[in-house]
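K.L.:
Sequence and predicted structure are below.
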Amino acid sequence: MNQTYINELKNHIGAEVTLKGWLYNSRSSGKLVFLQLRDGTGIVQCVVFKPANEELFEQAKSLGQESSIIVTGKVKEDTRSSIGVELDVTGLEIIQNASEYPITPKEHGTEFLMDNRHLWIRSKKQHAVLKIRHTVIKATRDFFDENGFILADTPIFTPAACEGTTTLFEVDYFDDDKAYLTQSGQLYNETTAASLGRSYAFGPVFRAEKSKTRRHLTEFWMVEPEMAYAHLDDVMTLGEGLIKFIVERVLADRREELTVLERDVTKLEAILAQGFPRVHYDEAVKILKEGFAKGELENDFEWGGDFGAPDETYISKQFDAPVFVHHFPAVIKAFYFERDKERPELALGADLLAPEGYGEIIGGGERAFDLEFLEKQIEAHNLPKESFEWYLDLRRFGAVPHAGFGMGIERCTAWMCGIEHVRETIPFPRMLYRLKP
RNA sequence: UGGCAGAUAGCUUAAUCGGUAGAGCGCGUAAUUGUUAAUUACGUCGGUUUCGGUUCGAGUCCGAAUCUGUCAGCCA
């Protein structure tokens, strides 16, 4: 295939190359037409000079936004260009001349852009977000692979809920059976960790929660590591390592995209220099109570409750790194959490709150070890015990202390990008009231 | 699921007390050998979400529905 990509043009100065792509925008100035060509790797300005080839000039002038074209020309150094090079066009092949492309370089509303998501992803900003998402995922995979974790994906069709059925999507599964789309691979991860020692799952999960906020999707991607012979502290150490690895990688590989997004990178750089604070739930409550006393919070937080979005934001504002909050009251956590030996009312769980109001990006903890305790918990949470027999086998055959967590890819990506809403961090977001395109 | 806000041209929007729906962008033509969301001139296209009510008269007031945004709960 005779094709050069725009991000390689610097290596071809003086040479004649063929670029294949789409017309991002065009301008003309008398005897000149400027074609902004994009090919997925970048955007380059292609210049057509009228006196050099009049027919070519007329063709270039006629092109609509997003027309698909193949351009041949000579690569020329030019300091006026943002990428340092331009193309002097000598040949143009029009694959399809598009007209009336709906997304113009001007401003549009959210609803319109979401309805045209299939086209919106061609825009510079969306392009940058998707590339950063790619890097977040690649860094995540590399981190676990390089630290002795084995990828062991868990099923998407599941026979029963791992935390009750109210927030599950139900689907028909042949004959009279029902299946549910998984909301977490966690219970299965515990089984693979018992086989492989350290394992992780990475895939889409589904939540039928009727949440309409900037942090929620009904379908999102989650990475879930699980470690045998591990405790709560190990979860926090692993989570901190993962986040720092991702931040480092994004800063190293996606500078250009962060610039397009006007991300304040000093905020990301700052977190690399320090350990993430680890705040006990009791202490977090104290911080919230002080916040209320100072008039900076509307509600007086009571010990025993779960944090709301304003609470999370307030806690994370006290630090300029992500913060772990640990030892939550057991009553607000799922049935499978291990308890604190000295204070059994506390669960050995830890959540990581991202800075700048991005909220919880990691949730995890140490899993219950004891068979009898788990059986009681399943009963207390009104869960059907027979569905969990296979899970309980883990406590019958070689039970070990083990721990793990889940990290949401979209929330992490939104934070890296510094964008408001997670809907832009996945090519086709699925949300309450939005299933198209 | 609840609170709040909104729905006017392909897009972004304006319209005072209830009285002729207006602009910018886009698109077309022309000018410009250096434009970066190009500019300038001329031109073109066209619209009050739906249903019902009040009124001489409704984009505007009232009621309902639908859709969207946003905040909250829950969560990653």
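P.N.:
Perfect, I can see it now.

K.L.:
residues in the stretch 151-300 of chain A within reach of RNA strand B, list them.
P.N.:
A:167, A:184, A:207, A:209-218, A:220, A:222 (C-beta under 7 Å from any atom of the strand). The way it works is simple: take the backbone N, C-alpha and C, and place the C-beta from them, glycine included.

K.L.:
Of the residues you listed, keep whichever come out buried.
P.N.:
A:167, A:184, A:207, A:215-218, A:220, A:222 (16 or more other C-beta atoms under 10 Å).

K.L.:
farthest pair in those residues?
P.N.:
A:S184 and A:R215 (16.8 Å; C-beta to C-beta).

K.L.:
Look at the closest residue to RNA strand B within the stretch 251-400 of chain A and report its pLDDT.
P.N.:
Proximity to RNA strand B, evaluated over the stretch 251-400 of chain A using C-beta to the nearest atom of the strand, is greatest for A:G308 at 2.0 Å. pLDDT recorded at A:G308 is 90.

K.L.:
show me what contacts it?
P.N.:
A:N299 (C-beta atoms under 8 Å, 6 or more residues apart in numbering).

K.L.:
ditto for A:G197
P.N.:
A:G197 neighbours (C-beta under 8 Å, 6+ apart): A:148, A:227-229.

K.L.:
Just give me how far whichever strand or helix holds A:Q36 sits from the chain centre.
P.N.:
In this assignment (DSSP states H and E), A:Q36 forms part of strand A:32-38. From the chain centre to the centre of strand A:32-38 is a distance of 33 Å (C-alpha atoms, centre = their mean, to the nearest Å).

K.L.:
tell me the mean pLDDT over that strand?
P.N.:
The model assigns strand A:32-38 a mean pLDDT of 93.

K.L.:
With just CA atoms, put it into CSV.
P.N.:
As requested, the backbone C-alpha atoms of strand A:32-38 are provided in CSV (Å, rounded to 0.1, in the frame of the first residue of the first chain):
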residue,chain,number,x,y,z
LEU,A,32,-4.2,29.3,-3.1
VAL,A,33,-6.4,26.6,-1.5
PHE,A,34,-5.5,25.2,1.9
LEU,A,35,-6.8,21.7,2.6
GLN,A,36,-6.6,20.5,6.2
LEU,A,37,-6.3,16.8,5.8
ARG,A,38,-6.7,14.3,8.6
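
K.L.:
And the helix or strand just after that strand, what does it pack against?
P.N.:
On the C-terminal side of strand A:32-38, the nearest following helix or strand under DSSP H and E is strand A:43-49. Judged by 3 or more C-beta pairs under 8 Å, 6 or more residues apart in numbering; DSSP states H and E, strand A:43-49 is in contact with strand A:16-29, strand A:32-38, helix A:54-61, strand A:85-96.

K.L.:
Comparing these, which comes out most buried?
P.N.:
Mean neighbour count (mean count of other C-beta atoms under 10 Å) peaks for strand A:32-38 among the helices and strands packed on strand A:43-49, with a mean of 20.

K.L.:
Provide the contact partners of that one at residue level.
P.N.:
A:6, A:19, A:21-28, A:43-50, A:57, A:60-61, A:63, A:69, A:71, A:87, A:89, A:122.

K.L.:
what do you get for stretch A:173-183?
P.N.:
A:154-163, A:165, A:167-172, A:205-207.

K.L.:
residue contacts, the residue of chain A most remote from its centre?
P.N.:
In chain A, A:P51 marks the outermost C-alpha relative to the chain mean, sitting 49.9 Å out by C-alpha atoms, centre = their mean. Residues in contact with A:P51 (C-beta under 8 Å, 6+ apart) are A:K31.

K.L.:
again, only using 10 Å
P.N.:
Going by C-beta atoms under 10 Å, 6 or more residues apart in numbering, A:P51 touches A:31, A:57.
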